[in-house]
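In: Next come a sequence and a model predicted from it.
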Amino acid sequence: MAKKYIDVMDTTFRDGFQSVFGGRVLMEDFFPAVEAAKEAGIRHFEFGGGARFQSLFFYLNENAFDMMDRFRAIVGPDANLQTLARGVNTVMLDTGSREMVDLHAKMFKKHGTTTIRNFDALNDVENLKYSGERIAFHGLKHEVVVTMMDLPPGCVGAHDVAFYEKTLRDILDSGIPYDSICFKDASGTSSPQKVYETIQMARRLVPEGTHLRLHTHETAGVSVACYLAALEAGVDGIDMAACPVSGGTSQPDILTMLHAVKGKNFDLGGLELEKILKYEDTLQDCLSDYFIPPEATQVSPLIPFSPMPGGALTANTQMMRDNNMLDRYPEVIRAMREVVEKGGYGTSVTPVSQFYFQQALNNALMGPWKKIAPGYGKMVLGYFGKTPTAPDAEIVHIAAEQLKLEPTTENAIDIADRDETKSIAYWTARLEQEGIEATDENIFIAASCDVKGIAFLKGEATVNVRKNAPKSETKLPTITLEENQFMANGSYTVVVDGQQYNVQIIGGNASVQQAAPVAVAAAPAAVAAPVVAAAPAANANAICAELPANVFKIVAEVGSSVNAGDKIMILEAMKMEIDVVAPRAGKVTSILVQPNDKVEVGQALAVVE
């Protein structure tokens, strides 16, 4: 009896890079590995979209569309090249208008994409309808998604098999065109039994011959067990990555899964161990000088309590490193549990995972619910769609009060259509003002990346990748054994458990004698360090930064009049835009920073008098 053929998608060059490096890998560094993967027999790749779209413009000074074209040229016309989209958000963190949703599908088809995996983090099927329609319209294969995770202990109301069945039925009843269905667990927190029951449920529910897939991460340590459970339940495809961007926060390694199915009735993509070994050797060489953060290769048993997806975990810890606050990470992860519990149980996958993290960061740094992160606030207020369960009423009230927005049940795409800044006309005019050609590609780059997209198109972007420092060729002076023994010669007094001993070293040999008892004076009480009062701001009317960040955009001008609450500038930290607003009505007398400046907590940003 022939083994069941399982389609394997290699996520190395999208989710693998995102999960380990925050997406920051230069194309010239990894293209030799793409060639090696092709030679190894891989024909299905995740090669772009998701966070790997914006990251090229934000950090690499590379054009994502150029990268996609060159990737296609390497693997040939027949490979299935797949990207990741976020429904009405496409590859942005904010919602897009119908014009932008259509332009996304059009541009990704033009630049080599075969299949778009399309999900909504809230499992709001309304957010998948138009995006799915346009993906199919432009001749792409549409892989529609049900997003998964486990809830923190004691939480109920969503993310069980019954919830996934309802979501899947809503997709099927909606008439959304699709070519395959994926169950996507970006945090890797679903239990193997739930995966098994979910795939069995889906197999009974969908038409015969429907291609079902599972996507998960190793973050919580159960990914291989989940894949084995899914295979036994009847799944047709799974996702894997290649070392060194496999395991840990990423997908299971290809070699690991090939080993896990030995003796079972499954053929994983026709892949052969020896060929994959050669591919992984090439990839290891390509990435040998990139810094791999230790948390990227680890499994965390705490993740099911605060489901942080692998693709966001390392991106967030790296940003915390950049802002000198990595020591606060455990505190933020602990705070995230309550944020998930009170947020309506949206799946922890971008952009919702980022909203969760941003709010947990605010709660850890500023106190619980003192500062609502804009994305999290808009989510609980309904501006990204309907959450699986109703968010905590008190948090909804706080968000409405702080963001000055009323809760809504209107469809997110209808709200976006009314926003002029999400129109093609708006971005065409912006490009013309900057002297940039308004091609479809440039319009989408500017709309999805805003100021950073404009900076890239003007040739002002910089490269920000993390590579290991070159090993120093300087050698320490060699010390002989005799020299080392001579340097150690002498008499010493040591204290062990309060008992003093005399130690004499001569020629490397030590003799130890117990010293005569010596009364040891009680240690003086610790003297408290003098309290240093915080230095007053240079001007009592100065507006200061509340957390480490970069200056994203200056909104107000020196000399302009503002009212209380008007924006002065926008900071960026942890993928979060933070409005700096006027605390009172007055005149802006000073702007003390420039765009792209790095600012610290308490640093004066502007003066309003």
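Out: Structure received. Numbering: from 1, shown residues only.
In: Compute the mean per-residue pLDDT across the strand or helix carrying residue 606, please.
Out: Here residue 606 sits within strand 604-608, counting by DSSP states H and E. On average, the pLDDT along strand 604-608 is 93.
In: Also stretch 83-102?
Out: Here the average pLDDT along stretch 83-102 is 96.
In: what does stretch 299-309 give?
Out: On average, stretch 299-309 scores 82.
In: Any idea how far apart the tips of that stretch sit?
Out: 12 Å (C-alpha to C-alpha, to the nearest Å).
In: Go through that stretch and flag the buried ones.
Out: 299, 300, 303, 304, 305, 306, 307, 308, 309 (16 or more other C-beta atoms under 10 Å). Where you see a C-beta, it was placed from the backbone N, CA and C, and this is true even at glycine.
In: In contact with the third one: list those residues for me.
Out: Right, the one you point to is residue 303. Residue 303 makes contact with 187, 188, 189, 219, 220, according to C-beta atoms under 8 Å, 6 or more residues apart in numbering.
In: Hmm, the third one is touching residue 307, no?
Out: Spelled out, it's residue 189. Yes: assessed by C-beta atoms under 8 Å, residue 189 is found in contact with residue 307 at 4.8 Å.
In: Return every residue with contacts to both of these two.
Out: With C-beta under 8 Å, 6+ apart, residue 189 and residue 307 have common neighbours 149, 150, 348.
In: Now neighbour count, pLDDT and secondary structure too, for those, in JSON lines please.
Out: As requested, the shared contacts of residue 189 and residue 307 are arranged in JSON lines below (neighbours: other C-beta atoms under 10 Å; pLDDT from 0 to 100; DSSP: H, G, I helix; E, B strand; the rest coil):
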{"residue": "149", "neighbour count": "28", "pLDDT": "95", "secondary structure": "coil"}
{"residue": "150", "neighbour count": "22", "pLDDT": "94", "secondary structure": "coil"}
{"residue": "348", "neighbour count": "30", "pLDDT": "91", "secondary structure": "coil"}
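In: okay, those residues in CSV with distance to residue 213 next?
Out: Listed next are the shared contacts of residue 189 and residue 307 as CSV, based on distance: C-beta to C-beta, whole Å:
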residue, distance to residue 213
149, 17
150, 19
348, 19
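In: you'd agree residue 143 is in a strand?
Out: Yes: per DSSP: H, G, I helix; E, B strand; the rest coil, residue 143 lies within a strand segment.
In: Would you agree it is in contact with residue 82?
Out: Yes: judged on C-beta under 8 Å, residue 143 makes contact with residue 82 at a distance of 7.4 Å.
In: Just to be sure, residue 183 is in a strand?
Out: Yes: Residue 183: assigned to a strand according to three-state DSSP.
In: Who is it paired with across the strands?
Out: residue 146, residue 214 (DSSP bridges).
In: if I look at it, how far off is residue 158?
Out: Here the criterion is C-beta to C-beta, to the nearest Å. By it, residue 183 lies 15 Å from residue 158.
In: The two: who's more crowded?
Out: For residue 183 versus residue 158, the count of surrounding residues by other C-beta atoms under 10 Å is larger for residue 183: 24 against 20.
In: can you list residues touching both of residue 143 and residue 82?
Out: Common neighbours of residue 143 and residue 82 (C-beta under 8 Å, 6+ apart) are 115, 116, 117.
In: Can you report how many residues lie near the first one?
Out: Burial of residue 115, expressed as a neighbour count using other C-beta under 10 Å, amounts to 20.
In: And the one 3 residues further on, by the same measure?
Out: Residues within reach of residue 118, counting by other C-beta under 10 Å, total 28.
In: again, but for the one 10 residues further on
Out: The number of residues packed around residue 128, counting by other C-beta under 10 Å, is 28.
In: starting at the chain centroid, how far to the helix or strand harbouring it?
Out: Assigned by DSSP H and E, residue 128 falls within helix 126-137. With C-alpha atoms, centre = their mean, to the nearest Å as the basis, helix 126-137 stands 24 Å off its chain's centre.
In: so what does that helix touch, helix or strand wise?
Out: helix 98-110, strand 115-118, strand 141-147, helix 161-174, helix 412-417 (3 or more C-beta pairs under 8 Å, 6 or more residues apart in numbering; DSSP states H and E).
In: In a markdown table: the ones you listed, plus distance to residue 247.
Out: Listed next are the helices and strands packed on helix 126-137 as a markdown table, based on distance: least, C-beta to C-beta, whole Å:
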| stretch | distance to residue 247 |
| --- | --- |
| helix 98-110 | 29 |
| strand 115-118 | 21 |
| strand 141-147 | 22 |
| helix 161-174 | 26 |
| helix 412-417 | 35 |
